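Participant: what's the 3D shape of this:
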Amino acid sequence: MKSALFWTVSLAVLTACTQDQLTHQLTVAGGKGSGEYQLGETAAVEADPAPEGWGFVYWEGDTLFLESPADPVTSLVMPFQDVTVKSVYKEIPTYVLTVVTGSGSGKYPEGTRVKIAVVEDDDEKVFDRWIGDVRYLQDSTAEETFVSMPAKAVRVEAKLKEDRSNVSYAERIAPLFRSRCATAGCHVPGYETPDLTNYEEIKKNAPIIRSQVVSGLMPLDSKLSPVEIELIAGWIDAGAKNN
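Facilitator: Numbers count the residues shown, from 1 in each chain. As a prediction, the model looks like this:
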């Protein structure tokens, strides 16, 4: 316990001090809060906004008096001396995001959530899925989704597929049947059924044709390519239109 003599002497010293002696200067370099404050007065300290591509790191200087030297907004209780603090910034690393056939490409810091979207440049094709570094995507099957940027470059691409709903029977399907299936001694009148030269026969038997094509059982003499199989199956799935 302090003695009565100590408090008497302390009071006498403080009483003898002038107002100027009880006021001290706070200097905030790179921030707000500079000014004169009385002993024991609380001063708010705030760092200036970081330049683009940079981030606040900490305060340096007389940080012993700061409530939180690691926060850009903090405070201090004015001591019996002048105080100087300075905000310190560092450049934030950015990483390249490349979006092929889509929007969202750019440079972003780690942890940034970037919206990307498909940009279709072919009227005959539609979005299928995203390929590439899809582990960083929120949903690799959605035309619009988000990338969570890691501390590395990321590349994703919108994979497009032919719009099977608009496949022309006259231009795409009929020629394919005629050249690969409706050949002499096969799916032509008087031979194997259905007659693949006749649209009405094709339409009536579309489900079985699809099954035979997808399973590889038709045509017998040659194999359809994966693209051709997908073309026929897609046309049938879209209603086997005579377009």
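Participant: what comes up buried for stretch 142-157?
Facilitator: Buried residues in stretch 142-157, counted by 16 or more other Cβ atoms under 10 Å: 143, 145-147, 149, 154, 156-157. (Each C-beta comes from the backbone N, C-alpha and C, glycine too.)
Participant: In TSV: those residues, plus distance to residue 33, pLDDT and secondary structure.
Facilitator: Below are the buried residues of stretch 142-157 laid out as TSV (distance: Cβ to Cβ, whole Å; pLDDT from 0 to 100; DSSP: H, G, I helix; E, B strand; the rest coil):
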residue	distance to residue 33	pLDDT	secondary structure
143	49	94	coil
145	43	97	strand
146	38	97	strand
147	39	98	strand
149	34	97	coil
154	40	98	strand
156	45	98	strand
157	50	96	strand
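Participant: Just name the closest of those residues to residue 131, please.
Facilitator: For these, the minimum distance to residue 131 (Cβ to Cβ) is 5.3 Å, reached by residue 157.
Participant: shouldn't that closest one be in contact with residue 131?
Facilitator: Yes: counting by Cβ atoms under 8 Å, residue 131 is a contact partner of residue 157 at 5.3 Å.
Participant: can I see the domain layout of the chain?
Facilitator: The record's domain split for the chain, according to automatic domain parsing, is 4-91, 94-162, 165-237.
Participant: can you give me the strands for the chain?
Facilitator: 23-29, 31-32, 35-38, 42-47, 54-61, 73-77, 83-91, 94-100, 102-103, 106-109, 113-118, 125-132, 144-148, 154-162 (DSSP state E).
Participant: Just give the strands next to the last one in its sheet, each with its orientation.
Facilitator: Listed by DSSP bridges, the sheet partners of strand 154-162 and their directions read strand 94-100 (parallel), strand 125-132 (antiparallel).
Participant: Go through the ones you listed and name the closest to residue 29.
Facilitator: Checking the strands paired with strand 154-162 against residue 29 by Cβ to Cβ gives strand 94-100 as the closest, at 26.9 Å.
Participant: Distance from the closest one to the middle of the chain?
Facilitator: Put simply, strand 94-100 sits 10 Å off its chain's centre (Cα atoms, centre = their mean, to the nearest Å).
Participant: Cheers, nothing more for now.
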